[in-house]
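[1] the sequence and its predicted three-dimensional model are supplied below.
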Amino acid sequence: MTKMLAPPPPGLEPVPGDSGLPYIGYALDYMRDPIKAYDKRFHRHGPVSWFRFAGRPWVVLIGPDAVGAALQNRDRALQSGPGWRALIGPFFDRGLMLMDGDEHTAHRRIMAKAFTRDRLALYTDAMHPSIERTLETWVPGDGFRAYPALKELTLSLATEIFMGGAEGSSDQEMQEVNRAFIGCVQAATAIVRYPLPGSRWRKGIQGRKRLEAFFRRYLPARRAAEGNDIFSVFCHVESEDGERFSDDDVVNHMIFLMMAAHDTSTITLSTAMQYLGQYPEWQQRCREESEALGTATPVFAQLDDLTALDLVIKECQRLVTPVPGVVRRARADTEILGHFIPKGTLVNVGVHYSHHMAELWPDPERFDPERFAPERREDRVHPHAWTPFGGGVHRCLGQHFSGAEIKSVLHHLLLRYEWDVPADYVAPMNFTSLPFPDDGGPINLRAR
């Protein structure tokens with residue numbers, strides 16, 4: 001039965017919706033099939049509705065108008081930090097995404113100095129040896145599980161580029177670090193939000209402790225000497241006003257950025273390998289562009305010439321959005337599309353759903369990179385039709401780093417390997433937290 005969230009003041013509409021199942025609401029429906037769940041909600045309640053999750057009411061914003069209103073946040077009533085803290089606070093608190101206002105501006109200003117074009121060029125140069133070393137260990141064959149192999153690769157890249165390496169760490173320790181990141185991410189949507197033995201929440205708590213110990217061990221060395229890795233930059237960089245990060249700031253930002261950098265890139269790389277395997281004409285088109293560069297180790301500026309690969313990456317980020325939604329909390333009474341949002345309300349902004357709306361994208365489930373070609377630009381049908389990196393003041397700071405990393409990895413893969421995936425394969429995506437293929441993303445991989 002449809003109920004209103006709260007009585008609205010004159011001139012505003014109430015938020016319609018219903019609780020769903022006791023305590024868990026519609027969480028299981030979302031985890032099974034988020035597009036289907038949100039499509040049903042959109043056509044039943046419209047772009048603004050509410051349901052209950054983990055015993056608390058949440059407003060859900062879906063469709064480009066509602067998503068745009070939240071991301072632009074013109075009255076500054078929606079806060080990122082308190083929203084995300086409700087889901088991932090114990091695991092990623094004090095990361096940039098969990099800050100607001102002047103503090104967020106100050107930290108972002110300092111952090112931006114680690115992502116200038118000159119530094120992105122240095123990072124790109126440093127990526128190639130690490131990519132080549134990891135790909136040397138791959139064993140081609142049928143049923144090669146691309147997702148875990150790519151996750152190992154992107155963690156290795158993050159360790160190299162973000163930390164300047166992890167001297168003294170064994171392979172076993174790095175596997176433990178990877179499991180710690182996974183535990184923190186998957187705890188975000190845990191239904192049981194208490195550290196019971198064996199629970200996802202407990203694994204998240206333990207993972208956070210493991211990551212803090214890991215980064216604090218390397219902190220003194222990075223403070224002592226300047227380097228080109230992001231860890232060192234965070235330890236030494238100053239804003240124009242002389243502001244610097246404390247030790248706690250550095251550790252908190254490193255934990256969050258390492259998670260964001262390798263998890264989200266892995267998702268897009270895995271999706272790209274699937275579709276390039278299913279569409280050999282696109283794989284060959286991208287390979288010919290890579291071969292035309294005349295080098296296995298392109299510099300940052302040369303990556304701009306990989307235009308077909310850029311189309312593929314954008315389409316993959318549309319089909320499987322690495323961060324399917326963002327979270328906010330109302331610090332004051334506000335309105336979204338004429339609906340009353342009371343102070344204290346938790347808000348989920350479902351950006352992924354917009355990427356699959358037939359009203360925006362013709363035949364939305366079809367892989368069609370040409371959507372983003374200059375003569376079509378379907379992403380411009382609405383300012384918020386395609387928002388994989390968010391928007392407003394919280395737009396992803398690492399967007400260009402991510403693009404350089406993904407292009408560099410795919411460039412190496414295209415030169416070194418060929419692969420195919422059955423045309424009728426549909427990845428069994430797990431949406432427990434950030435999406436990933438439950439079967440590991442199998443491909444038939446061959447050396448060239």
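    Good, I have the coordinates.

[2] count of residues packed around the residue nearest to D229 when sequence neighbours are not counted?
    Nearest residue to D229, sequence neighbours excluded (CB to CB, 6 or more residues apart in numbering): G164, at 3.2 Å. Where you see a C-beta, it was placed from the backbone N, CA and C, and this is true even at glycine. The number of residues packed near G164 is 20, by other CB atoms under 10 Å.

[3] I'd say G164 and S232 touch.
    Yes: under the criterion of CB atoms under 8 Å, G164 lies in contact with S232, with a separation of 6.1 Å.

[4] show me where the chain has strands.
    Shown for the chain, the strands assigned by DSSP state E span residues 3-4, 16-17, 48-53, 56-62, 78-79, 141-145, 326-330, 334-336, 339-341, 346-350, 417-420, 429-430, 436-437, 442-447.

[5] any shared contact partners between G164 and S232?
    Shared contacts of G164 and S232, defined by CB atoms under 8 Å, 6 or more residues apart in numbering, comprise R222.

[6] for the residue nearest to D229, what are phi and psi?
    Listed backbone geometry of G164 is phi 70, psi 20, with angles given as degrees, to the nearest 10.

[7] contacting residues for it?
    Listed by CB under 8 Å, 6+ apart, the contact partners of G164 are 222, 227-229, 231-232.

[8] cool, and E152?
    For E152, the contact set (CB under 8 Å, 6+ apart) comprises 134, 178.

[9] quick check, pLDDT for it.
    As predicted, E152 sits at a pLDDT of 89.

[10] so which of the strands of the chain is nearest P362?
    Nearest to P362, of all these, is strand 56-62, at 19.5 Å by CB to CB.

[11] got the contact list for the closest one?
    Outside strand 56-62, the residues that touch it by CB under 8 Å, 6+ apart are 5, 15, 17, 19, 25, 38, 41-42, 47-52, 67, 69-70, 86, 336, 341, 345-350, 353-354.

[12] if we go to 6 Å?
    Identification of contacts with strand 56-62 by CB atoms under 6 Å, 6 or more residues apart in numbering yields 15, 38, 42, 47, 49-50, 67, 70, 341, 345-350, 353.

[13] hang on, the earlier thing: want to throw the strands of the chain into JSON lines with mean pLDDT and distance to L96?
    Conversion of the strands of the chain to JSON lines gives the following (pLDDT from 0 to 100; distance: least, CB to CB, whole Å):
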{"stretch": "strand 3-4", "mean pLDDT": "92", "distance to L96": "35"}
{"stretch": "strand 16-17", "mean pLDDT": "96", "distance to L96": "31"}
{"stretch": "strand 48-53", "mean pLDDT": "93", "distance to L96": "25"}
{"stretch": "strand 56-62", "mean pLDDT": "95", "distance to L96": "22"}
{"stretch": "strand 78-79", "mean pLDDT": "96", "distance to L96": "14"}
{"stretch": "strand 141-145", "mean pLDDT": "97", "distance to L96": "32"}
{"stretch": "strand 326-330", "mean pLDDT": "95", "distance to L96": "13"}
{"stretch": "strand 334-336", "mean pLDDT": "97", "distance to L96": "23"}
{"stretch": "strand 339-341", "mean pLDDT": "98", "distance to L96": "24"}
{"stretch": "strand 346-350", "mean pLDDT": "96", "distance to L96": "17"}
{"stretch": "strand 417-420", "mean pLDDT": "98", "distance to L96": "35"}
{"stretch": "strand 429-430", "mean pLDDT": "94", "distance to L96": "26"}
{"stretch": "strand 436-437", "mean pLDDT": "95", "distance to L96": "23"}
{"stretch": "strand 442-447", "mean pLDDT": "98", "distance to L96": "34"}
